[in-house]
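>>> Sharing a model prediction with you, sequence too.
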Amino acid sequence: MAHKKWVLRKADRALANDFSEKFNIDPFIAYLLVARGIDSELAFSDFISEEVKLVSPFDFKDMKEAVETINSSLENNEKICIFGDYDCDGVTSTAIMLLYLKSRGADVFHYIPSREGEGYGLNLNAIDEIKSKNTSLIITVDNGISAIEEADYIYSLGMKLVVTDHHQPSQSLPKAEAVVNPHRKDNHLEFCEYCGAGVAFKLICALEGGNIDKLIDEYIDLVAIGTIGDVVPLVNENRVFVREGLKRINTNPKPPIKAFKDINADKVYSANDIAFQLCPKINAVGRMTHANSALEFLISDDYVECSERFKELLGENTNRQKEEMRILEDVNLKAAENPALVLNRVVVIAGEGYHQGVVGIVASHIVEKYSKPAIIIGIDENGIARGSARSVEGFNIFEAINACTDDIIQFGGHPLAAGVTLKKENIEAFTQHINEYALNNFEIMPVQTLTVDSMLSPFYLSLDLVNSLSVLEPYGAANPQAVFGLNKMKLISVSPMSEGKHIRMELEKRGKIIRVVKFSSPYDEFPYSNGDYLDAAVRVSDNFFNGKHYLSVQAVDIRLSSLDEEKYFKEKNAYELYLRLGKADESLYPSRNICAEVYRYLSANRGYKFGIENLYFRLQDKLSFSQLNFAIKAFEESGLVSVLGDEIKMNDIKQKVNLEDTAVLKSLRERMDIE
């Protein structure tokens, strides 16, 4: 995986100490909260409070009109359609509205479009089908804010529309009886980062007009699942939704949740557990077949039926994982065959037959691997290419795609994720233009970062710390599980876990030994040796096993303690600019002494199998990133080494080699105009 830049949070210690005394909370926990921006008494009090505080749903513009329209349809026994979406948020939003309106005796049904056949949001064919059922009112959940043409068509057929959505509105709103959206500028809201399920819940609160406790008891688990699944910030009301939803999930689960929990019935489920164990399975059905199966699972009150439907979710999730790995392997193969693809500032890789429900997940893998924005594009049999983009903080992929509108058919999304449709023959031009945008607008590209809450001594890691950290839960977007930095830890031992898929390490400092696991870090690819001094970014948790509690320490990142981050990122950027634009100066050229230094290291270690970047970290104090790369290229050209993926193998060469005669170094000298 690509190297991440560590960013250490900082806080006003005096303010944290003041809050610690006023609210009778551990001083270190108070420091962590202040470092996360919770730096006013009101915000601090709200964050640690267990009260259920919800703002009035009528602070949303058009909420009154939405209530009046829906109540009128209920009174007149008109047929209502809930128009949802196929992701976890859309499915839970649909379930909330469907179950609530059924409880009110409504003549109501749902429509969720297929990802493959229809795509996101309202479409004209779906509207025709809905009209054919004598529908009078359509209520959208988690979509509809951009359906200008579709809304007009709904009214031309004599139906009415209520839009509930949480996506950003454009300058024009669709024609509707009401448009309920937290991002409308004419709302009276201080907080607007709701997901679709959150907006749907606010609507049923307004419809109920009173007994909110009843609605929390009935629907808050669904609201929590949608909120977690859509990765909206877990602050303000979202934090309340998830906290109260987890209580219901863990203490009094309804049949669908009980069927899910049967995997590990005694476990107390956290927001992270829901995010990684339930939400992907709900999403998988919408990705691979049709989200109706996930909806039927969530709304059923029959445990046996839920158990059978959950097996279907598990099966589709397995299919999704297989398809994901198939596409990822093909993408990695294309990158290996054409390294220029991943040397670009924005990685764009296209392939025939890539499943549209999976390309976004693959794009996330590529971002993680190369620390660059990535767009993975699937091309269908008609030559239409549909891609999914993911980005890094600081590079707005939506704006980047917007700069390439001449190359595309349509697009949409957010700063960190977007979708794009174009013709197959325009992929090359699109790739060129989006990379030109990156070069013209970013002297140095933003990189992936890892936020570290605090540096800690290993002596401070304990179950007491874990218990104190529970104040921060539930974890999620904008409120992640705390990450602590341990510096200059000596690697004592490393051993494989799960047939080498993961590793377990023993790290030591001043006589304190801690055991640390790192998942998805293959033993054969671990680039460090016993005796190395490492910095480790870790999370801590309570591992309950065989009736006992154990401290669990999980590494999220590891690096050599000697690493100079700023030097690395600056030099890597200079190297990529040379490859892209030919911009060079003498500092990029590997002198004879530098080449000798690199060759001595490779000879002493019989090659190197952990990639150029890790080799650079070993030699960083002796050379630049460009010098190392050009030296290796010269070695390879002259036959001294063979480079196969990340591995550099030494060759048995008897004759003398003059590296300066290699084409790569000759070209470099010409670029720099040096003899």
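Received, thanks. Residues are numbered from 1 along each chain as shown.
>>> State the distance from the closest residue to Q620 other than its chain neighbours to G419.
Spatial nearest neighbour of Q620, chain neighbours left out: D564 (6.1 Å); criterion: Cβ to Cβ, 6 or more residues apart in numbering. For every residue, glycine as well, the C-beta is placed using N, CA and C. Here the criterion is Cβ to Cβ, to the nearest Å. By it, D564 lies 38 Å from G419.
>>> and the two? which has more neighbours close in?
Ranked by neighbour count (other Cβ atoms under 10 Å), D564 and G419 place G419 first, with 19 against 13.
>>> Isn't the more buried one up against G412?
Yes - look at G419 against G412 with Cβ atoms under 8 Å: they come within range, at 5.9 Å.
>>> okay, and the common contacts of those two?
Each of Y120 lies in contact with both G419 and G412 under the rule Cβ atoms under 8 Å, 6 or more residues apart in numbering.
>>> And the helix or strand bottoming out on mean pLDDT in the chain, what does it pack against?
Every helix and strand of the chain was ranked by mean pLDDT, DSSP states H and E. The lowest is strand 410-413, at a mean of 82. In terms of contact count using 3 or more Cβ pairs under 8 Å, 6 or more residues apart in numbering; DSSP states H and E, strand 410-413 is assigned the packing partners helix 397-402, strand 417-423.
>>> got TSV for the ones you listed, with distance to D585 and mean pLDDT too?
Formatted as TSV, the entries for these read as follows, by distance: least, Cβ to Cβ, whole Å; pLDDT from 0 to 100:
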stretch	distance to D585	mean pLDDT
helix 397-402	28	93
strand 417-423	36	91
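>>> In a markdown table, list these along with distance to F201.
What follows is the helices and strands packed on strand 410-413, written out as a markdown table (distance: least, Cβ to Cβ, whole Å):
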| stretch | distance to F201 |
| --- | --- |
| helix 397-402 | 27 |
| strand 417-423 | 24 |
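>>> what about those, which gets the closest to R592?
Proximity of the helices and strands packed on strand 410-413 to R592 was assessed by Cβ to Cβ; the nearest stretch is helix 397-402, lying at 42.0 Å.
>>> What are the buried residues along that closest one?
In terms of neighbour count (16 or more other Cβ atoms under 10 Å), helix 397-402 has its buried residues at 397-398, 400-401.
>>> cool, and stretch 215-235?
For stretch 215-235, a neighbour-count test (16+ other Cβ under 10 Å) marks 215-216, 218-235 as buried.
>>> before we move on, back to that, report the two of the buried residues of helix 397-402 separated the most.
Pairwise distances among the buried residues of helix 397-402 were taken by Cβ to Cβ; the largest, 7.2 Å, belongs to F398 and A400.
>>> Return the distance of the longest helix seen in the chain from the chain's centre.
Of all the segments of type helix in the chain, defined by DSSP state H, the longest one is helix 303-337. Averaging C-alpha coordinates over helix 303-337 and over its chain gives two centres that are 17 Å apart (Cα atoms, centre = their mean, to the nearest Å).
>>> any weak-confidence spans in the stretch 1-150 of the chain?
1 (pLDDT under 70).
>>> Which parts of it are helices?
With DSSP state H, counting those that start in this stretch as the definition, the stretch 1-150 of the chain shows helices at residue ranges 13-23, 27-35, 41-48, 63-75, 88-103, 124-131, 148-156.
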